[in-house]
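Colleague: Have a look at this prediction, sequence included:
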Amino acid sequence: MDIQYDYEAIVIGSGFGGAVTCCRLAKKWPGKVMLLERGKRYGMGEFPRSPHAMARNFWNLPPEQRPRPGQLQQEEQHGLFDIRKFKQLDAVVSAGYGGGSLIYANVFLVPPAHIFNDNWPGSTKLDALTPYYQVSKQVLGARPIPQSTEPRRQIIRTGLFQQFAKADGKPSQLLDINVFFGNDFSQPTAIGEQQRNRYGALQTSCVYCAECDVGCNTHSKNTVDLNYLFVAEQRYQAQIRTQVLAEKIVPLNAVGTEDTNANGEHGFRVYWKDLTQQHQLQSALARRVVVSAGTLGTNELLLRCRDLHHSLPALSPQLGQHFSGNGDFLSFVVGGKKPADPNYGPVITQGIDHHLYQDFKAEQAFMLEDASYPNFAAWYVEGIKPGSSKLAALLRTLRLSLNRFWQGGSNGQLGYAMSELLKNDLSYHTSVLLCMGLDKSDGVMQLDKRGNLQLDWPYKNSMPLYKAITDTGERFKDWCQAKAFVPMPNWLWPMRRNVTVHALGGCRLADNTEQGVTSADPASFGQVFGYKGLYVADGALLPAAVGANPVATICALSERVAEGITGIVPDANL
């Protein structure tokens, strides 16, 4: 009896790994690949910006009973930001068509070769992965910010961080970023001008609005829905389902019925909930499945299949082990004597190497990058500035306003008063320090009694890294004569809670099931041990932290997974 499959492949998740594999598999099997994404599509101009909309721009499904603020706990929301609260670590992940690419900081950075020496199997050394880095870099259009004398292309904080690097005796460089400045790298398109990119999607030459991390409303970020996924859907007829949440994966036996003792050689049935239809359960059959739901989503789904649904009982005991937050650490240097203007330009432009690439020191290795935040957030910063610092200017403004109303006072005087109120603004002289480095990659993910993912993060084991980062922040403060160096408030003692936006690990590549969850053998790269045709392609594959922004590595590994499935060597033409 021949099994009637609905699809050759089902891809779960639309972030970097899901986009790469969906595109490559759809090219192999046009019209026979389906992608499932829990979040919504966002067209140009559709990302929320108003206070009302931003307050509801979070992910929450009440049946999951995850820790949420009281006002959100019972309200179902399908917003962009999914904030997970764990023991000693919070994580921010994206829910939307394009996954993490919708809110990432654009950086494409290949780690140094020595990072792959420990914990990485022989088939995943830098030399073996270099062709895949090169292809994904071309597809994502990575390059540094254009160098130009045009005033609108000058980014103050870029120069500030370069000056600090020199003063601190550390090497620095402009970073390759996946941002659209036009199709001709040598002749950037005018700011704000629109063009079709090389794959046919409409984009806008970057407008320098610093809104990269909250969804780019001009489609100037090279998010994967504008390249890999655009081609998969438009050219190769991939079937895209959004606002659907993968629930369970069950292997099939030789006659096509569900069999938890089967090893996947006859395919799988995938179940999902349609969030637009009262969470109605639906399913389809596929010869193979690629799980690319992001590190947290992938581990949670596979752990549920093994421990809750018992549909994949042969999954490795190593599942959920070796979690890493990639050393993420966010802090602020407030009120410096040197202007920073963190509300202008792409969210990251410059990187400073602290013992990651040169003079390698494993326990203190990190990258320091200039970060930005949107203009609308700068107004909020001004609003919370201590009252004493602006009381005199505020009183002057009120007095002149009343004078204008009662006596017809000069508009010029009132304008001057407003200038007094806002001059020397706190935001303009605040530097945002974004660091990532080599944490110990020793977190453990498992399910709680409700079947939800939990994470135990032993932050103390990575304290040498965090101390090196905070020491650098203090030096930055002293160098620019700032008022304060302020880590994220939740890091302050006694809380000691960190935040990551780069969750990695849990399905690490390895040579056998005793060391990891997925195969590093080139013939079955990324395939889950114990199940033929079941693959992982996202940050969960990484055996350990890479220190550099992990997007490049996730894409390279996913390209390698896709090549193993399809037998087609990838190229940038898609």
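Modeller: Looks like it arrived, so ask away.
Colleague: who's in contact with the residue nearest to residue 527 when sequence neighbours are not counted?
Modeller: Using C-beta to C-beta, 6 or more residues apart in numbering and skipping residues adjacent in sequence, the residue nearest residue 527 is residue 519, 4.8 Å away. C-beta here means a position set from N, CA and C on the backbone, and glycine is covered the same way. Applying C-beta atoms under 8 Å, 6 or more residues apart in numbering, one finds that residue 519 lies in contact with 509-510, 525-529.
Colleague: same question, residue 135
Modeller: Counting by C-beta under 8 Å, 6+ apart, residue 135 has contacts 559, 570-572.
Colleague: again, 10 Å this time
Modeller: 20, 555-556, 559, 563, 569-574 (C-beta atoms under 10 Å, 6 or more residues apart in numbering).
Colleague: Of the contacts of residue 519, just say which sits nearest to residue 134.
Modeller: residue 525 (17.5 Å; C-beta to C-beta).
Colleague: Now do that closest one, the pLDDT please.
Modeller: pLDDT recorded at residue 525 is 98.
Colleague: Can you tell me the SS state at the closest residue to it other than its chain neighbours?
Modeller: The spatially closest residue to residue 525, leaving aside those adjacent along the chain, is residue 564, at 4.2 Å (C-beta to C-beta, 6+ apart). Here residue 564 is helix, with the state taken from DSSP: H, G, I helix; E, B strand; the rest coil.
Colleague: Residue 564 against residue 521, yeah?
Modeller: Yes. With contacts counted by C-beta atoms under 10 Å, residue 564 reaches residue 521, the gap being 8.9 Å.
Colleague: remind me which residues of the stretch 1-150 of the chain are low pLDDT?
Modeller: Along the stretch 1-150 of the chain, the parts satisfying pLDDT under 70 run over 1, 69-72.
Colleague: next one: the stretch 451-574 of the chain
Modeller: Those would be 489, 493-494, if you go by pLDDT under 70 across the stretch 451-574 of the chain.
Colleague: if we can go back for a sec, now compare the contacts of residue 135 and name the two farthest from each other.
Modeller: Across the contacts of residue 135, the two lying at the largest distance from each other (C-beta to C-beta) are 556 and 573, at 17.6 Å.
Colleague: thinking again about what came up before, give me the common contacts of residue 564 and residue 521.
Modeller: Listed as contacting both residue 564 and residue 521 by C-beta under 10 Å, 6+ apart are residue 527.
Colleague: what separates the residue lying closest to residue 562 once chain neighbours are set aside from residue 538, distance-wise?
Modeller: Once flanking residues are discounted, residue 562 sits nearest to residue 24: 3.6 Å by C-beta to C-beta, 6+ apart. From residue 24 across to residue 538, the span is 14 Å (C-beta to C-beta, to the nearest Å).
Colleague: Now the helix or strand that the residue nearest to residue 562 is a member of - C-alpha only, PDB.
Modeller: Assessed by DSSP states H and E, residue 24 sits inside helix 16-28. Output of helix 16-28 as PDB, limited to C-alpha atoms (Å, rounded to 0.1, in the frame of the first residue of the first chain):
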ATOM      1  CA  PHE A  16      16.500  31.800   9.600                       C
ATOM      2  CA  GLY A  17      16.700  28.000   9.700                       C
ATOM      3  CA  GLY A  18      13.100  27.500   8.600                       C
ATOM      4  CA  ALA A  19      13.400  30.100   5.800                       C
ATOM      5  CA  VAL A  20      16.700  28.500   4.400                       C
ATOM      6  CA  THR A  21      15.300  24.900   4.500                       C
ATOM      7  CA  CYS A  22      11.900  25.900   3.200                       C
ATOM      8  CA  CYS A  23      13.400  27.600   0.200                       C
ATOM      9  CA  ARG A  24      15.900  24.900  -0.600                       C
ATOM     10  CA  LEU A  25      13.400  22.100  -0.200                       C
ATOM     11  CA  ALA A  26      10.700  23.900  -2.200                       C
ATOM     12  CA  LYS A  27      13.200  24.200  -5.100                       C
ATOM     13  CA  LYS A  28      13.700  20.400  -5.000                       C
END
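Colleague: Residue 277 should be in a strand, yeah?
Modeller: No. Counting by three-state DSSP, residue 277 is not part of a strand but coil.
Colleague: from memory it sits against residue 245, does it?
Modeller: No. With contact defined as C-beta under 10 Å, residue 277 does not count as touching residue 245 (11.7 Å).
Colleague: Give the residue from these two that has the larger number of neighbours.
Modeller: residue 245 (22 against 11; other C-beta atoms under 10 Å).
Colleague: now whichever strand or helix holds the more buried one, how far from the chain's geometric center?
Modeller: Assigned by DSSP H and E, residue 245 belongs to strand 244-251. Offset of strand 244-251 from its chain centre (C-alpha atoms, centre = their mean, to the nearest Å): 23 Å.
Colleague: quick one: strands adjacent to the helix or strand following it?
Modeller: Note on strand 244-251: by DSSP H and E, the next helix or strand toward the C-terminus is strand 268-274. Sheet pairing for strand 268-274, assigned by DSSP bridges, gives strand 244-251 (antiparallel), strand 280-291 (antiparallel).
Colleague: which one of these lies closest to residue 76?
Modeller: Judging the strands paired with strand 268-274 by C-beta to C-beta, what sits closest to residue 76 is strand 244-251, at 11.8 Å.
Colleague: how about the CA coordinates for that closest one, as CSV?
Modeller: Output of strand 244-251 as CSV, limited to C-alpha atoms (Å, rounded to 0.1, in the frame of the first residue of the first chain):
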residue,chain,number,x,y,z
VAL,A,244,-0.8,28.0,13.3
LEU,A,245,1.0,26.4,16.2
ALA,A,246,2.7,23.0,15.8
GLU,A,247,1.5,20.6,18.4
LYS,A,248,2.8,17.1,17.8
ILE,A,249,4.9,15.0,15.4
VAL,A,250,4.1,11.3,15.1
PRO,A,251,6.0,8.7,12.9
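Colleague: in it, what counts as buried?
Modeller: 244-251 (16 or more other C-beta atoms under 10 Å).
Colleague: And stretch 257-275, by the same measure?
Modeller: So, applying 16+ other C-beta under 10 Å, buried residues of stretch 257-275: 262, 264, 266-273, 275.
Colleague: I'd like the mean pLDDT over it, please.
Modeller: On average, stretch 257-275 scores 98.
Colleague: what about residue 74, how many neighbours?
Modeller: With other C-beta under 10 Å as criterion, residue 74 counts 9.
Colleague: where's the closest residue to it other than its chain neighbours relative to residue 293, distance?
Modeller: Distances taken as C-beta to C-beta, 6+ apart put residue 62 closest to residue 74, at 5.4 Å, once the chain neighbours are dropped. Residue 62 sits 20 Å away from residue 293, going by C-beta to C-beta.
Colleague: now do residue 24
Modeller: Going from residue 24 to residue 293 by C-beta to C-beta gives 18 Å.
Colleague: again, but for residue 143
Modeller: Counting by C-beta to C-beta, the gap from residue 143 to residue 293 is 30 Å.
Colleague: Which residue of those two possesses the greater neighbour count?
Modeller: residue 293 (29 against 17).
Colleague: wait, doesn't the more buried one sit right on residue 536?
Modeller: Yes. Under the criterion of C-beta under 10 Å, residue 293 makes contact with residue 536 at 9.3 Å.
Colleague: hmm, back to that, I'd like the list of the contacts of residue 135 that fall within helices, please.
Modeller: Taking DSSP state H as the definition of helices, these contribute 20, 555-556, 559, 563.
Colleague: Go through those and give me the one with the most neighbours.
Modeller: Top of the ones in helices among the contacts of residue 135 by neighbour count (other C-beta under 10 Å): residue 20, with 34 neighbours.
Colleague: Enumerate every residue touching the residue nearest to that residue when sequence neighbours are not counted.
Modeller: Leaving aside its sequence neighbours, residue 20 sits nearest to residue 558 (C-beta to C-beta, 6+ apart; 3.9 Å). Going by C-beta under 10 Å, 6+ apart, residue 558 touches 15-24, 132, 136, 228, 290, 292, 526, 535-539, 541, 570.
Colleague: show me where the stretch 1-150 of the chain has strands.
Modeller: 7-12, 33-37, 59-60, 77-78, 81-86, 89-94 (DSSP state E, counting those that start in this stretch).
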